[in-house]
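S.K.: Quick one, fold the following:
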Amino acid sequence: MTIFSFSLIHLCVTGQEKDSLEKKRSLEFIEPMNKYVTLKFTQSSDVDAFTVHSPNSKIELEPNTKSISRLAFNYKFITISLSFTLKFLPGNDNDTIRGKSKSNGFGFGFNFSNWSQHFAWQKTKGYYLNNTNEYVPNWKDGQPFIQFPDLSILNFEGVTAYKANENYSVNALATQSERQLKSAGTFVVPLNYRYYMGKDKTPRNRPSDIRQKSSNLELTLSAGYYYTFVLKKTFYIGIGATPGGGVLFSRITSETETEKQVSHQTNGIFRIDGLIGMGYNAERFFAGFYSQGFVTSYKQQRSVVVTDESRLAFQFFIGYRLNAPKFLKNDVDKMERLMKIL
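M.R.: Below you'll find the predicted structure:
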């Protein structure tokens, strides 16, 4: 056998030993819950709210939906969620004062060792002017707000993220389909892309009344750091922040019964995402509380108007892991093998 053959065998063996050591080390930090299906219920204040500033005024639009409910299913690298509004909960039921609102959505994602990919769709209809007191003289608490029942926001968004440290589990923090056994942190780079449409179908009282609709494409690239402190393998505290920036393309249509005007804008945008929370993550049962959200701000092109959007979610979640059925194991295993081939 030639020296080259011996060297090749040595390289192969060394590579296999290195992979084995890295996998063993990773298992010391992360416990995959591959034999379980993870079911999770979340109650969250993850709702859309908008604020527009100009030199002489401010508009604060909020839905009469203070919290939404979400059911999530996780198995291995797959996540599926469904969100909806429970009207009987406090903050969701005061239709007389704040008007009627409805919010629902759907999401799915894939989480791998270093990469994660998530998509979500959400629609919210029915808004009120939170700062009505600045527009209606002598307005007092307890009186109805100015309402926009036919204003709706349709939102499509996604995020592609990379984490540098394989010993850090995004799944343990986000989907609970893994357990973080030892404290670890990682540098993360998320790319956020979002397309949302706003439309007001409020009936016109006069032919000259203006109705507007907008279409917006937002692209932002961020970079930051996340860390999970683990106590006794089951209790944890997670923190992280990712500031970034990007660009927002907008198309605004203003129309009366007789005229229609279309304008386009391209604006630089600043965005910061953040998370802080704590939880309990045992083999079967888990629960926790997070505060997670983002803030974006941009100055509208050819104007002094500044638009801020914030989504701050105070969320409580609780869940349980069930043994995965055999048919699900077989189907997902086939999918994993196919993805490795591709």
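
S.K.: Quick check on Ala174: phi, psi?
M.R.: phi -100, psi -40 (degrees, to the nearest 10).

S.K.: Begin at 698, not 1, for the rest of this chat.
M.R.: Taking 698 as the first residue, the last one we looked at is Ala871.

S.K.: So what sits opposite the nearest residue to it once chain neighbours are set aside in the bridge?
M.R.: Nearest non-adjacent residue to Ala871, counting by CB to CB, 6 or more residues apart in numbering: Asn808, 7.6 Å away. For the C-beta atoms, the positions are set from N, CA and C on the backbone; glycine is no exception. Counting by DSSP bridges, Asn808 forms beta bridges with Ser813.

S.K.: For Asn808, the count of nearby residues, please.
M.R.: Close neighbours of Asn808, defined as other CB atoms under 10 Å, add up to 23.

S.K.: What's the separation between Lys879 and Thr925?
M.R.: For Lys879, the distance to Thr925 equals 9 Å [CB to CB, to the nearest Å].

S.K.: More neighbours: which of the two?
M.R.: Comparing Lys879 with Thr925 by other CB under 10 Å, the one with more neighbours is Thr925, at 23 against 12.

S.K.: Provide the contact partners of stretch 767-777 at residue level.
M.R.: Residues outside stretch 767-777 that contact it (CB atoms under 8 Å, 6 or more residues apart in numbering): 729, 731, 733-741, 743, 778-781, 804-809, 815, 868, 872-874, 1016, 1021, 1025, 1029, 1033.

S.K.: now Thr917, nearest residue through space, not along the chain?
M.R.: Closest residue to Thr917 apart from its sequence neighbours, by CB to CB, 6+ apart: Gly943 at 3.3 Å.

S.K.: Can you give the strand pairings for the one helix or strand Leu945 maps to, parallel or anti for each?
M.R.: If you go by DSSP states H and E, Leu945 is part of strand 932-952. As defined by DSSP bridges, the strand partners of strand 932-952 come to strand 908-919 (antiparallel), strand 921-928 (antiparallel), strand 957-978 (antiparallel).

S.K.: What average pLDDT does stretch 913-922 get?
M.R.: The average pLDDT for stretch 913-922 rounds to 92.

S.K.: low-scoring stretches of the stretch 898-1039 of the chain, by residue?
M.R.: Along the stretch 898-1039 of the chain, the parts satisfying pLDDT under 70 run over 899-909, 953-955, 994-1008, 1030-1031, 1033-1039.

S.K.: who's Phe850 bridged to?
M.R.: For the record, residue 850 is Ile, not Phe. Under the criterion used (DSSP bridges), Ile850 bridges to Thr821, Gly895.

S.K.: do you know how far Tyr924 is from Thr939?
M.R.: Per CB to CB, Tyr924 is found 13 Å from Thr939.

S.K.: per-residue confidence at Met698?
M.R.: pLDDT, Met698: 51.

S.K.: swap in the one 10 residues further on?
M.R.: Here, the pLDDT recorded for Leu708 equals 43.

S.K.: helices or strands next to the helix or strand Phe845 falls within in the packing?
M.R.: Following DSSP H and E, one finds Phe845 within strand 844-860. When contacts are defined as 3 or more CB pairs under 8 Å, 6 or more residues apart in numbering; DSSP states H and E, strand 844-860 sits against strand 812-826, strand 881-897.
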